[in-house]
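J.: only geometry, no sequence info:
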C-alpha cells in the first residue's frame, strides 16, 4: 500500500524517501519481539510471523508498504548472480526463506541496484529514507532506515531499527561503525 503524504513541489526521489521514512515510522507502532529464527515463509511476499523479526525485517516491511518485495527482488538477483553475494553461510544456492533477511545480502543488493552514498561522520550527509548499515563488532552487522525526525539536539536524523528491543525509533546513527549507506527506490 502506498502511503499518502501531503508534499508539494518535491522530486519523485524526495517523495519516495519521505514515503519510505513514513513507512518505517509506522512499523514502530507494532509490537515486535526480536527473533532471528529461520522460518519457512511464502514466496513471493512472504514474511516471518507478525510480532517477530530482526533488523532486516524492518527494511523488508517498510519497502512492502511501498509495494516493493525485497524477498522476491533479492532472491531473483541471487539466482542470476549467486557468486556475487557474500559466501558467509556456505550455501550452494539461494534460499528465498532467509537470503533477504541477511544484512550482507541486502548490502550487496543495494550496492548493485541502488545508489551507494558516502559513509561520513557528518550528519548532513544522511537523509530521511536512507538505509544505513553498521558493524556492531566482530562480524555482527546491523541495518536501519533514517527518518525525518531529528535527534533531541536536532543534529542527526533518527533511525528506525530492531536491535533487540523491537521496531523502535532511536538516536543511534553514529553509535556504531557505519559500513554501508544506500538509497534504494525500487527497480
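T.: Good, I have the coordinates. As the structure is a prediction and not an experimental result, all values here were calculated from the model.
J.: Excluding chain neighbours, what is closest to residue 10?
T.: Nearest non-adjacent residue to residue 10, counting by Cβ to Cβ, 6 or more residues apart in numbering: residue 18, 7.4 Å away. Every C-beta, even on glycine, is put in place using the N, C-alpha and C of the backbone.
J.: Model confidence score at that neighbour, please.
T.: Predicted confidence (pLDDT) for residue 18: 96.
J.: top helix in this protein by residue count?
T.: Criterion DSSP state H: the longest helix present in the chain is helix 12-27.
J.: what helices or strands is that one leaning on?
T.: With contacts defined as 3 or more Cβ pairs under 8 Å, 6 or more residues apart in numbering; DSSP states H and E, helix 12-27 has these neighbours: helix 55-65, strand 140-150, strand 157-161.
J.: Let's verify residue 86: helix, strand, or coil?
T.: At residue 86 the chain is in coil, as set by DSSP: H, G, I helix; E, B strand; the rest coil.
J.: In which helix or strand does the closest residue in space to it that isn't next to it in sequence reside?
T.: In this structure, residue 86 finds its nearest non-sequential neighbour in residue 104, 4.3 Å apart by Cβ to Cβ, 6+ apart. Element membership of residue 104, judged by DSSP states H and E, is helix 103-113.
J.: give the contact list for residue 71.
T.: Contact analysis of residue 71 by Cβ atoms under 8 Å, 6 or more residues apart in numbering lists 41, 43-46, 60, 96, 100.
J.: Can you tell me what sits against stretch 82-96?
T.: With contacts defined as Cβ under 8 Å, 6+ apart, stretch 82-96 is touched by 41, 43, 46, 71, 75, 78-79, 99, 102, 104-105, 108, 112, 139.
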